[in-house]
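**Student:** Sequence first, then the predicted structure:
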Amino acid sequence: MTVKHAGLRLIDEKGLRHDGRRPDELRPVAMRVGVLSNADGSALFEIGKTKVLAAVYGPREPPQRHTMLPDRAVLRVRYHMAPFSTMDRKSPAPSRREIELSKVIREALEPVVIAELYPRTAIDVFVEVLQADGGTRTAGVTAASLALADAGIPMKGLVAGVAVGKVDGVIVLDVDELEDSAGEADLPIAAAPDIGLITLFQLNGVLSRQELEEAVEMGLSAIRRLVDMEKETLRSSVTVMPGE
Amino acid sequence: MTVKHAGLRLIDEKGLRHDGRRPDELRPVAMRVGVLSNADGSALFEIGKTKVLAAVYGPREPPQRHTMLPDRAVLRVRYHMAPFSTMDRKSPAPSRREIELSKVIREALEPVVIAELYPRTAIDVFVEVLQADGGTRTAGVTAASLALADAGIPMKGLVAGVAVGKVDGVIVLDVDELEDSAGEADLPIAAAPDIGLITLFQLNGVLSRQELEEAVEMGLSAIRRLVDMEKETLRSSVTVMPGE
Amino acid sequence: MTVKHAGLRLIDEKGLRHDGRRPDELRPVAMRVGVLSNADGSALFEIGKTKVLAAVYGPREPPQRHTMLPDRAVLRVRYHMAPFSTMDRKSPAPSRREIELSKVIREALEPVVIAELYPRTAIDVFVEVLQADGGTRTAGVTAASLALADAGIPMKGLVAGVAVGKVDGVIVLDVDELEDSAGEADLPIAAAPDIGLITLFQLNGVLSRQELEEAVEMGLSAIRRLVDMEKETLRSSVTVMPGE
Amino acid sequence: MSTTPYKLPIVPMIKKQSYLSLYRKGARIDGRDLETPRNVRIETGVIEKAEGSAIARLGNTQVIAGVKIDVGSPFRDTPDQGVLTVHAEFVPLASPLFEPGPPDENAVELARVVDRSLREVGAVDLSSLAIRPGEKVWMLWVDLYILDHDGNLFDASMLAAMAALLDARLPEYEELESGEIMVDKSRKGEPLKIDHRVVTVTIAKVDEYLIVDPTLDEETIADAKIVVAVDEEKRIVGAQKTGGSGMTREEILKAVDIAGKASEVYFKALNEAISKG
Amino acid sequence: MSTTPYKLPIVPMIKKQSYLSLYRKGARIDGRDLETPRNVRIETGVIEKAEGSAIARLGNTQVIAGVKIDVGSPFRDTPDQGVLTVHAEFVPLASPLFEPGPPDENAVELARVVDRSLREVGAVDLSSLAIRPGEKVWMLWVDLYILDHDGNLFDASMLAAMAALLDARLPEYEELESGEIMVDKSRKGEPLKIDHRVVTVTIAKVDEYLIVDPTLDEETIADAKIVVAVDEEKRIVGAQKTGGSGMTREEILKAVDIAGKASEVYFKALNEAISKG
Amino acid sequence: MSTTPYKLPIVPMIKKQSYLSLYRKGARIDGRDLETPRNVRIETGVIEKAEGSAIARLGNTQVIAGVKIDVGSPFRDTPDQGVLTVHAEFVPLASPLFEPGPPDENAVELARVVDRSLREVGAVDLSSLAIRPGEKVWMLWVDLYILDHDGNLFDASMLAAMAALLDARLPEYEELESGEIMVDKSRKGEPLKIDHRVVTVTIAKVDEYLIVDPTLDEETIADAKIVVAVDEEKRIVGAQKTGGSGMTREEILKAVDIAGKASEVYFKALNEAISKG
């Protein structure tokens, strides 16, 4: 449960955020692939204190044969939070939020995975939030994109995501948990820049038409940088960007 | 949870009930079939404030193949209450009461459905209580009978049901929730008059042998009238009877 | 939930236990086989107030075909406590303790059951604790061993079990619930003496190397006596030993 | 969802014919006439740790009932009454047809029929179970455990439940200064206040025959059953038709009459067990 | 786990082509243009026992919403506010694709989108729902019941929810000396304080076309959908892309513009139903 | 129900023979002798939001443990003690054999063995966790998260749990006038009072050989395992045989002796990580 911080100033007189960032600045980012030995592909993605691990198994035979599709692989995605990832212990049973986000993340990956190459199989993507400090669903998409590439799953393009928000009337990039809970709007967005598609898009809060457009621009610009980092990481296996 | 109304007089000095009905009088009844577009058959049945919707799908292939029978269709029945149908919100998870009543309603329909015509299939009957004011299980049987006929499922006869009860020592027809909770006995009964069979029979409460016989007579007589209305409805699609 | 009895003396000045037993003395034991008519084999085992019923079905076709093994029968074991078996009513839903003990008991039986004779089948063992006064898991193993033999399942040897413990610094045989909850250690052990194998071994509490060895000896010695009683019972169908 | 059950062909057609030809002569394969229950054996006090317990055997059918009693809060609409809950488990050792898991519709129906048969006539005086009205009352759990299933679980369960309730003793307790109730289950106190003794009589319809206390084989060939709850004064205190066929008005009324008569056998066994227990 | 759904081939390729050739001309099979919703019919007060209720019909799609109101405790971090909960059930009578059981990911997503569309803009003034701040508040349950599914469950559900909230009346209550709140649901009191009226507009992308309020057939051939929540001042108060394809930046912004326009139809129907109700 | 597991033929017969011929010479495929664990790496403080955390790696096996601490009510029979709960999840990213869902029997057994190894010897001083005895105590949750499974989950989990507990700090709190406890998790206070450090040593039996810290390949060919919990004074503080074969009396006693020796390696790694952390 998030506490609304009434009256809290989130943008100071210099236009900087509570942690010193500029409105369009990402938190420090780290990407690593191949972090697990059993999974066919894996990645750890950190953005600020948010830490998300993703693993990919497949293409493999699905345990329930009736879920198979004759003309493509099914994508199976689970977004899950570790019990110790949040301020108050999270019960391990899947919450309604986790059920929704598993779907939203799956639908953010479907547009890039070339599933037609592997009919009658399943490609399983497991996203584990190890620490949550805002933007976990978009971090999950980013980690999953890296893990899919690490597993050698053919994709039309890499995907990355980021949460844009509005705090104290200002559109800001990469909101953390405090900004998310105290802010006016939260707009998680993910995209595959190489094919020009937004694959995850949610808005929680109130925005004008113009603010929405600004937020989308800001998100897409950061996503292009994140996808470039993904490519770098996949070449070198580790990339750390110490904040912008 | 029902509140026992200690000391409440349910039959007045003129022998009339708390809502002005005579002991052997039904509440206003309305029947309508074909109310849903997706279902193979559907019906809305209202008796007083009790509103029950039934839909039939099938004969169709059952999702779990191991439930199929080689020599007949299986009948699958779910009785379910909408969360807003009762005074206190009903949790959507199936209660023990709903589990029992699903079975009781299925067994009230089995004797009339000619299941042998459709081996290896399922005929699904979904009963949704939209508003509960007594007699929901028997209203469910009545609505299901109409929906089965609307779906074109061959039947040996139509079924209808009504709850007879005993309040203030008097045998009364079509008890509502107040009479059910404050009365001495509740006897839900359903029958297929055309084949002379009682297909649902329960007694909750205490009756003498003679009262039991009287209650059964009163119930069967009303059931004959309800089945006549069903036939009328199936010819004309809508029938309203504004109380007797 | 067990109450720790602080300060309670469990061994008196004569070296006897709270119920008058010597340290190496079993409670009164009774064994009976063939107590159920439907099961392929069944047994009732009582030790003190602990009463455990076991039934065996099989070899038979398992309901879920994917659990079948091509080269042997699967053993399926459920340890379950009746709601009325304990001081406070036990919820009928399987507890984590029951899940663990079902596994531990299965692994205590696997070494003796000659499962290779019945590939693609299941041998089901149901253990019901009717009354719990300590040592229920080892009593479950003993009852299951009798029921397997009663069902005619070929075994390399019979199994029996007993809980050894340490109370007031003394190693004692067959701890009851009071000794278990107030004592320093509890060591449930089961073995198949005819093949020289310990098949269940747990230690909850603190023991020195020497105490451990003493406890194992004491347990194995009692197990040999229990297995002899099992053989006697299977010959005569009932055996009662009124305490040692 | 309730689904048409798969009927095992335990009793083949030819066997059914032989049953029916016996019924025609008023006889049954185990030597009974149509309206007599099987041998009834009831034993109380079989689980010392329960506040009340009994095992009831009807032929090979075995049901154990345990009564556990704890302190709890009353329901809001009955603040001065204790709480009675009946729960049934069809544990898999009782029959090859039972599977582990939460109670299925048959177990739920059984528990609810037993519950109503006790509740509607006021078998247990729930108002005698208030410790501090509106705050603390006794909670009674009646747990039915089917151990061996050879037909007619209703009557065996009802007998076990009734005997266990008659066997039960409230635990002793102390009221602490804080108001908390400390229960000492090692000391057994007063018996429950039982105002009415109730049994159910189950009558199966096989073709045109009505037979009391069917065995599992007989249930397999039966069209439907009716369970009739009867008290010692032979009042009808509950009923339930169960099974996928209908019954005529005459059959139901005749079954009620038969039930009154057959209940005497059950009451005799019950009363003997209690006076012995 | 969320799994790629099995798409029923309800609409064969050739049918898709015929839909597309109509879209090309700005038309649809049911006579609508691309940006107009189907016929909207809303009726309030359909469930007398609920504190508020409404049925919304969009073409053949039917959703009923019921509002139940009870007394409860506030959340620790919002002690002075009532609690609003939205729950959706896809009951199996609505579609051959729905199965009995707990809500699946589609039902959960629907309920959460409706919930956020109400919550983020403050549609219901939750601070008006404190009875004794920090202790007792009103709990509002909005239960969405899908009765017939012919596409666009989001908009129909949002309309039903909004209408049911506008229809709802708080029950009368008394505060006992003990501090307990006695609710009398037979007496209907004040309406809820609704600060904003919100609708969602769902726009499906089929190839390069954006179409408002898709039917089930249209959803079957759609690549993706975007649900846009709009208030009466046409502010964007929520959005969700749903479905397994992506959309371009331009498509999303265009959809938002279309939504503002189409919302007028929904608001008209909503406001008429409320003034009538 | 516990069911005989399906053993994947990961290690074919011929491979087993090559393992055994190495064991005969006192050696293992990864260069270890039979009684030495793999390389142990422990890192604490890896999850800043948890009150305590650690990751333990045994070769390729990786387990993360998080300690969360909240205020709660004590159990009725231990009113003056805090509450310790151990929970384990085999998340599906760790192994192709793990599936999403509630903990299976292996996860339950693991959590319970770790729990008892901590509890029976009193590793955590639970009586130091009472805030207001009888009313408010600290609740400790130890959550074990298996991230990568290459055998011997018991020892890796126990190391992670122990390190996380040693890393943990109680949150600061204030007692309000109302008596409520306000916890401020942003301020870390006192460390937990740990009276004993405990590790488990798992020894697999493969034919006649006893090998310490088996890899997944070795577990696949093993007959049985024994997990021995040992404290720093080398007392035996718990044990569990696991797996479908038996062990002789001599094997068990020998395993206990081996465990004492091998525990030194684990304690060295644990103590180093803590002094560093």
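**Tutor:** Cool, got the structure. This is a predicted model, so every value here is computed, not measured.
**Student:** Strands of chain A, start to end?
**Tutor:** Across chain A, reading from the start of the chain, the strands by DSSP state E fall at A:29-33, A:41-47, A:50-60, A:74-81, A:122-131, A:160-167, A:170-173, A:185-192, A:197-207, A:238-241.
**Student:** What mean pLDDT does the fifth one get?
**Tutor:** Right, the one you point to is strand A:122-131. In this model, strand A:122-131 carries a mean pLDDT of 98.
**Student:** that older thread, what's the closest of the strands of chain A to E:Met1?
**Tutor:** Within the strands of chain A, the stretch nearest E:Met1 is strand A:74-81; the backing value is 4.6 Å (C-beta to C-beta). Where C-beta positions appear, they are placed from N, C-alpha and C, glycine not excepted.
**Student:** From the centroid of the chain, which residue is nearest?
**Tutor:** Assuming you mean chain A. Taking C-alpha atoms, centre = their mean, the centroid of chain A lies closest to A:Thr138, which sits 1.9 Å from it.
**Student:** wrong one, chain D
**Tutor:** Judging by C-alpha atoms, centre = their mean, chain D has its centre closest to D:Met158, at 1.8 Å.
**Student:** And the longest helix that chain A contains, what's buried?
**Tutor:** If you go by DSSP state H, chain A has its longest helix at helix A:209-236. For helix A:209-236, the neighbour count (16 or more other C-beta atoms under 10 Å in any protein chain shown) marks A:211-213, A:215-216, A:218-220, A:222-223, A:225-227, A:229-230, A:233-234 as buried.
**Student:** near chain C, which residues of the stretch 51-200 of chain D?
**Tutor:** When proximity is defined by C-beta under 8 Å from any C-beta of the partner chain, the stretch 51-200 of chain D lies next to chain C at D:53, D:60, D:62, D:64, D:66-68, D:70, D:87, D:89, D:91-96, D:99-100, D:102, D:141, D:143, D:145, D:147-150, D:185.
**Student:** Point me to the residue of chain A nearest chain B.
**Tutor:** Nearest residue of chain A to chain B (C-beta to the nearest C-beta) works out as A:His66 at 8.8 Å.
**Student:** Which pLDDT does the model give that residue?
**Tutor:** The confidence metric pLDDT takes the value 77 at A:His66.
**Student:** same deal with the one 4 residues further on?
**Tutor:** On pLDDT, A:Pro70 comes in at 89.
**Student:** which residue packs closest to it, ignoring adjacent ones?
**Tutor:** Taking C-beta to C-beta, 6 or more residues apart in numbering or on different chains, and ignoring the residues beside it in sequence, A:Pro70 has A:Pro119 as its nearest neighbour in space, at 6.0 Å.
**Student:** number of nearby residues for the one you found?
**Tutor:** Number of residues near A:Pro119 (other C-beta atoms under 10 Å in any protein chain shown) recorded here: 14.
**Student:** Quick check: the gap between it and A:Glu110.
**Tutor:** 15 Å (C-beta to C-beta, to the nearest Å).
**Student:** Who are the packing partners of the longest helix of chain A?
**Tutor:** For helix A:209-236, the elements it packs on are strand A:29-33, helix A:136-150, strand A:160-167, strand A:170-173, strand A:185-192, strand A:197-207, strand A:238-241, helix E:249-276, judged by 3 or more C-beta pairs under 8 Å, 6 or more residues apart in numbering or on different chains; DSSP states H and E.
**Student:** Reformat these as JSON lines; add mean pLDDT and distance to D:Ala262.
**Tutor:** Below are the helices and strands packed on helix A:209-236 laid out as JSON lines (pLDDT from 0 to 100; distance: least, C-beta to C-beta, whole Å):
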{"stretch": "strand A:29-33", "mean pLDDT": "97", "distance to D:Ala262": "76"}
{"stretch": "helix A:136-150", "mean pLDDT": "98", "distance to D:Ala262": "66"}
{"stretch": "strand A:160-167", "mean pLDDT": "98", "distance to D:Ala262": "72"}
{"stretch": "strand A:170-173", "mean pLDDT": "98", "distance to D:Ala262": "80"}
{"stretch": "strand A:185-192", "mean pLDDT": "98", "distance to D:Ala262": "70"}
{"stretch": "strand A:197-207", "mean pLDDT": "97", "distance to D:Ala262": "67"}
{"stretch": "strand A:238-241", "mean pLDDT": "69", "distance to D:Ala262": "82"}
{"stretch": "helix E:249-276", "mean pLDDT": "97", "distance to D:Ala262": "61"}
